[in-house]
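Undergrad: could you look at this predicted model? Sequence included:
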Amino acid sequence: MKTSGRDLARKVRSIGESREFEARSGELPTWCPGCGYFGIHHGMNDCIRRLGIPLHKVVTVSGIGCAGRYPFFTKTYGLHTVHGRAVPVATGVKLGNPELTVYAVGGDGDGLAIGGGHLPHVCRRDVDINYVLFDNSIYGLTKGQPSPSSPMGMKSKASPRGTSDKPINATLLALSYGASFVARLFAGDKKMIADVLLEGTKHKGFALFHIYSPCVTFDKSYKTWENLKKWVHPLPETHDPTNLRQAFDQVLEDDWSVGVIYRRPQRE
Amino acid sequence: MAKDHVVIIGNGPAANEAAIALRERAPELRVTIVGREHVRQYKPHFLPALIAGKITEHDLFVRPIESYSQAGIKLRLGQEVVDVDFDTRRVILAHKEVLRFDGLIIATGGKPRIPEPFLVFQDVMMTLKTLADARVWIEKLARVDSVLIVGGDLTSVAFAKALVSMGKTVKLMVDEHGFWPLHLGDETRQEVAQRLASSGMELVACRKLKGLARVSADEIRVETDCGRYTVGAVGAFFGLVPDVKFLARSGLYIERGIIVDESLMTHYDGVYAAGDCAQVYHPALRDYWVSIGYRNAENLGRIAALNLIGGKVCAETPPESIFHVEGVKVPTSWWAEI
Amino acid sequence: MARVDLTIEVCGMAGDGTIAAGGLLNEAMSAGGFSVLGFDSYPAEIRGFGRCVTRSRIGTERIFALEDKTNVLISLDDVQSRSRVPYLARDAAVFFDSNPPVYVEEEMSLAARVEPETTLFGFPMADLAAAAAGTTRGRNLTALGGFAATFGVPRDLFVEVITKKFKAKGNKVLDANIKSFDAGYAYGLEHFRDRLRDTLKPLPGIKKGPEKVMLSGNLAIGRGAIDAGLKLYFGYPITPATPIMEYLAAKLPERGGRVVQMEDEISSIGAVLGGFYAGARSMTATSGPGFALMTELITHGVMAEIPAVILNAQRGGPSTGLPTKTEQSDLHAAVFGGPGDSPRIVIAPSDVEECYRYTVLSFQLAEKYQTPVIVLTDFYLDNRVENLPIPQATEREIADANEYPDESVQGAYKRYLMTDSGISPRSIPGMEGFTFSATGLEHVEKGTPNYTEENHMNMTEKRHRKIAGALEDLPAPVEYSRGGPLDVGVIGWGSTFGAILEAVNIANERGLNVGALKITSIFPFHGGVIRAFMNRCSEVLIPELNYEGQLANLIDHLHRKDVVRLSRATGSPIPPSLILKEIETLVPAGAS
């Protein structure tokens, strides 16, 4: 369906008024058209806008990978570091100036493979940073090798006979490591991303946002938009995010429920 | 198999000569000398000259310290033997070390003799046997000008003359035990005494020392049967006795010294004694004799060593000789009168 | 005044109070006006099991280095001390317990092993301590007492330092310790009369100098960091750098700072970069293996132009190497380690006082030049103690050295602005209108990634220009010589320089004509000054504690002929005597 010029102009105006893209820089994201990361980008920008804090008091720290480019696409302070190290660098930033709101962003390879050793410690240290884990279960920037969250048997140029390694579940890991805020999200639900990010950012302590996203270029069979939309569904209404045991049960039983999985009750 | 180990207790002429003989004749042995003093072997008869400042400590020493390691002799100084267990063949050192031996030569020499009547004055009397003693005398003489010498053995003659040469006032109290180990007749003793007096010493002609009292650090009040006076120091010179007290309960037969046969072996196999600490059987005399003197000790040390490694050498007493004391000829046979 | 130069060792098993005794000895000697340099060594394995040795050199003149011969050995465990016998000087004095709990076989005896000229001072330390204080725990102090009496050290000197050390533990403990000391002291006076040595009477007059503290290199680094306004310390335990973390963990919180023990060295340097990026002075300290892990992020600091202070306390390598031995073999890694053309600043203090000053300096260098600054020390320098006047930093030395962007560029800020100096004003998160993204990708002035030929060339040149310019703020080499032409010029760095200086001083006293040049700025270095010095030398000698001659490799092109390398990979400090020997072989026959 073709959009009329008038409609388009109205839409652009309304987006401008909504200040939805305020946090977005002039740099055009390098992601492929249709990439799930656009949705995450949108949700994060929306969250920062709704937080009401000035952009110069926000720092976005990233590692390497498709998600690693993120800081260039925001108007916050950004720190594009090396592969796997967004979380410890973000820890330094937050401790260096606790008044800053700090996001660490990165993909599943960055955060679960090369940087996987940092996850247990940032969880138990409970530094007040917000870690947005873009999980598309593939190494996109290096053109399609299996990642720690790829399903067993995934075929690629690097695994022509299919991978023999089991995937790991970032949500479950974070719960096990004692993270104080754990959420699982879907790149296709910008509204939920913004809402949950808002809640998690306000949470004092470490927050993990594990976001399922497709890789439209290199993954044509597993986490496709089509499959994700089919699989992903909200947490049951009965889910009590302050109940750690229930959180574990939920994650063990259901890979695809999204929302706030766990939130350690906070004092005051 | 570990090398057989010969331990030599003592670091005087007998000990060192024994070590050298062992090294020459039985290079396969491990040889250890254990000496109580902190210095290597020196010539004790030069101590008076040292005190008089005529020589330095360096001149006293018999051989360079390196010669021991070069010869493969382990020299342990400043370490005292407190016991020997002959059954298990172990030497016990004062610092609770166990030194195992296959052969043992005891050559601890003598220590100053203080006769019974003088024992009560032991604390205020000084002796001169070791380099350490000499150092104490040197320190003392820097502060005092007069010295009373009691007893009067051969060492005391040389010492008294050294004192005179330093300009000190020397009183000499010679009793019937004087000039030990020589046994002089009254006439000869008088003659020697006269000669000494003419060389600048004052002879104290009394027979009995009634009291010695320290008045201050460098003043001693002397009371005799014929008067009182004050001196800076009192030296006791009654000769030497074998230094074997540490073996008193070891099972060795000890009389005036460690009793050994003519080959210098004790009644324990492989355990020998030599030098001033030994009391040696003389088959011809059918009696025991005690060695005196540096040369004699060296000789006995060598004999003990040779016998220890399977030799059959008989310890010969030194020949009768004429001994000169202050120019007075004294005919003596070493063993007869001791 | 007789010149005193004594090396004293205390040796025992962990648990004997060896390190404590060595510490008290150093403090007492320092209080007596002597110059003190101490170096402890202890087992790499578990601290509670193994040999401990403290080594102190006490002198009337300033001490620059350790000598390899020991004059006094105080043994608290004879089996352990036996290994020290080869290091004894010919006429050494050995204090040991003459009444051990069990009989000792000859093979295990200390007294059996020493040379005949060694003077033995055996006395029943444990018995004396038990009789005096009811416990043998103060045996180490009894040993010190015997030593003090023999060497003429007044009782008061020790009582003073013992009181200082133990008064916090209550009168009972203090009293027991003093009694233990006194028991040894009285015994020594009475029984060691024939062997008393009068060499360590306190020095009159000197005591009235400025108050001195006893500091290790590590402690000096810790104090320097705190005085410089350190806010964040991130680290991971590693010998020999750990004491820095432990010192800061105790002291930094009360100054409003934080110490975080991270999960590894990578996260440590990452957090340091994060902290500095957010405007907080941050540092980490590590050793070779940890440093190797840090290299990627160090080059990130180079590329993204983020300050960082990294202390590399070198130890024997490669790999895990010799964790408790000293070596200067990370110079290449510090200067060149990591991907790409990545210039950074490397400085290396050569004594404890410099450990303090260079740590303070490193923060300003890092801020001003927006770069990781690597401070190279080594096991020997970190762990040795020296007595020195209390080090202090001036306001100017600790002032903020950041160059912030001018308000006029607000909104049009270029983080990596091309400038003559290569220094681009740096904004800090929280500053409005100056947001940017720092990146480890090659970038244009604004900070966005760019891989074009011309840009990479220009930006690489900018980063090198910036670091080369840091030379104006880096300490220049210091020459020690009579000036003019020299037969031998000895160049050195780090902990080795003390030994070099001592060797050169002795050589000159012996009538030779030699000089020493101390290099503390390793990269960039003062090539002109070094070349000028080399030009005046017939021969140039570079002693180093590494096999490859790593400083020599860096600067040998400045000399018109081959430099002579004295490269030692032994794990132990180079003794001055060895350098002296090398100097003497290099001096042409008949010279001077």
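TA: That came in fine, so what should we check first?

Undergrad: of all of the stretch 101-250 of chain B, which residue lies closest to chain C?
TA: Closest residue of the stretch 101-250 of chain B to chain C, Cβ to the nearest Cβ: B:Ala132 (4.7 Å). For glycine as for every other residue, the C-beta is placed from the backbone atoms N, C-alpha and C.

Undergrad: quick one: low-confidence parts of the stretch 151-268 of chain A?
TA: A:267-268 (pLDDT under 70).

Undergrad: helices along that one, start to end?
TA: In the stretch 151-268 of chain A, the helices defined using DSSP state H, counting those that start in this stretch lie at A:170-177, A:190-202, A:225-231, A:244-253.

Undergrad: can you tell which of these is closest to chain B?
TA: Judging the helices of the stretch 151-268 of chain A by Cβ to the nearest Cβ, what sits closest to chain B is helix A:170-177, at 58.3 Å.

Undergrad: any idea of the angle that closest one forms with helix A:244-253?
TA: For helix A:170-177 against helix A:244-253, the angle by axes from the mean of the first three to the mean of the last three Cα atoms, to 10 degrees is 150 degrees.

Undergrad: so how far is helix A:170-177 off the chain centroid?
TA: Put simply, helix A:170-177 sits 15 Å off its chain's centre (Cα atoms, centre = their mean, to the nearest Å).

Undergrad: list the helices and strands that helix packs on?
TA: Under the contact definition 3 or more Cβ pairs under 8 Å, 6 or more residues apart in numbering or on different chains; DSSP states H and E, helix A:170-177 sits against helix A:119-125, strand A:181-186, strand A:207-212, helix A:244-253, strand A:257-263.

Undergrad: can you say which of those is nearest to chain B?
TA: Using Cβ to the nearest Cβ, the helices and strands packed on helix A:170-177 put helix A:119-125 closest to chain B, at 54.2 Å.

Undergrad: quick one: residues in contact with the closest one.
TA: By Cβ atoms under 8 Å, 6 or more residues apart in numbering or on different chains, the residues outside helix A:119-125 that reach it are A:87-88, A:91, A:111-112, A:129, A:131, A:170, A:173-174, A:177-180, A:206, A:208, C:260, C:262-263, C:267.

Undergrad: what's the pLDDT at the closest residue to chain A within chain B?
TA: In chain B, the residue that lies nearest chain A is B:Lys96 (54.2 Å; Cβ to the nearest Cβ). What the model reports as pLDDT for B:Lys96 is 96.

Undergrad: equivalent analysis for C:Gly590, please.
TA: Confidence score, pLDDT, at C:Gly590: 62.

Undergrad: again with B:His183
TA: So, for B:His183, pLDDT stands at 61.

Undergrad: likewise A:Cys123?
TA: 98.

Undergrad: how many other residues sit next to it?
TA: Look at A:Cys123: counted by other Cβ atoms under 10 Å in any protein chain shown, it has 23 neighbours.

Undergrad: redo the helices of the stretch 151-268 of chain A as CSV? Include distance to C:Tyr233 and mean neighbour count.
TA: Formatted as CSV, these follow (distance: least, Cβ to Cβ, whole Å; neighbours: other Cβ atoms under 10 Å in any protein chain shown):
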stretch, distance to C:Tyr233, mean neighbour count
helix A:170-177, 24, 21
helix A:190-202, 27, 20
helix A:225-231, 44, 13
helix A:244-253, 33, 15
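
Undergrad: tell me where the stretch 151-300 of chain C has strands.
TA: Using DSSP state E, counting those that start in this stretch, the strands of the stretch 151-300 of chain C run over C:212-216, C:232-235, C:258-261, C:282-286.

Undergrad: for the last one, which outside residues touch it?
TA: Counting by Cβ under 8 Å, 6+ apart, strand C:282-286 makes contact with A:92, A:96, C:221, C:225, C:230-236, C:238, C:241, C:244-245, C:265, C:268-269, C:271-276, C:294, C:308-313, C:362-363, all of which sit outside it.
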